[in-house]
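*Asks:* 3D model of this:
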Amino acid sequence: MAFADPIKNLKQIMLLPGMVVVDFGAGSGSYAIEAAKIVAPNGRVYAIDIRKEPLDRLRADARDSGLSNIEIIWGDIEQAGGAKLADQLAEVVIISNVLFQARSMYTVALEAKRVLKQGGRIMVIDWNESVGGLGPLPSEIIPAEEVKKSFGSAGLSFVSEFPAGDHHYGLIFSK
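*Replies:* Sure, this is the predicted structure:
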């Protein structure tokens with residue numbers, strides 16, 4: 001195993017061509033780029049972040065990679081409707097390395113649920129430890145069990161857990 005690998009982790013969520021995927025807190029877009037390659041040519045990836053700088057970089061990387069199926073959205077996933085997407089739009093929502101930064105993971109779960117189609121899946125990847133200055137401080141780590149409880153309270157069903165890298169856990173939920 002190694003650091004969290006988007007290609008390996010995306011296999012856990014079983015993406016298929018033609019799917020609609022939303023990447024909450026897309027950052028520089030490592031998951032969005034790889035998901036866009038998998039769901040192409042007719043699928044779409046919506047990459048959402050509250051920070052404009054990484055979205056600008058993602059836009060350039062998508063263009064340089066010849067990916068025209070990524071839509072960049074400046075939004076706040078911690079607000080109802082903050083993803084700026086229609087209800088029940090996506091088959092998959094990706095939430096990677098975001099929850100430890102969120103003020104309320106419950107509101108993030110509710111927004112993910114809102115944009116997810118019935119039967120859709122959410123993949124959560126987050127830190128299980130602090131590593132030599134990388135990632136969150138030890139006090140900011142959110143244990144997988146807390147995520148399961150919070151997402152369950154939001155009406156999402158826990159499906160499975162998987163190792164998502166040496167320092168990350170992966171969780172899958174369904175609507």
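*Asks:* Direction included, what does the longest strand belonging to the chain pair up with?
*Replies:* Scanning the chain for the strand with the most residues, using DSSP state E, yields strand 116-127. Partners of strand 116-127 in the sheet, by DSSP bridges, are strand 90-96 (parallel), strand 168-174 (antiparallel).
*Asks:* Among those, which comes closest to residue 17?
*Replies:* Counting by Cβ to Cβ, residue 17 lies closest to strand 90-96 out of the strands paired with strand 116-127; the figure is 11.6 Å. Bear in mind the C-beta positions are built from the backbone N, C-alpha and C, glycine included.
*Asks:* How far does the closest one sit from its chain's centre?
*Replies:* Averaging C-alpha positions (Cα atoms, centre = their mean, to the nearest Å) puts strand 90-96 5 Å from its chain's average.
*Asks:* can you check stretch 54-67 too?
*Replies:* Offset of stretch 54-67 from its chain centre (Cα atoms, centre = their mean): 17 Å.
*Asks:* Stretch 61-80 now?
*Replies:* Relative to its chain's centre, stretch 61-80 lies at 12 Å (Cα atoms, centre = their mean).
*Asks:* Could you list the buried residues of it?
*Replies:* 61, 62, 67, 69, 70, 71, 72, 73, 75, 77, 78 (16 or more other Cβ atoms under 10 Å).
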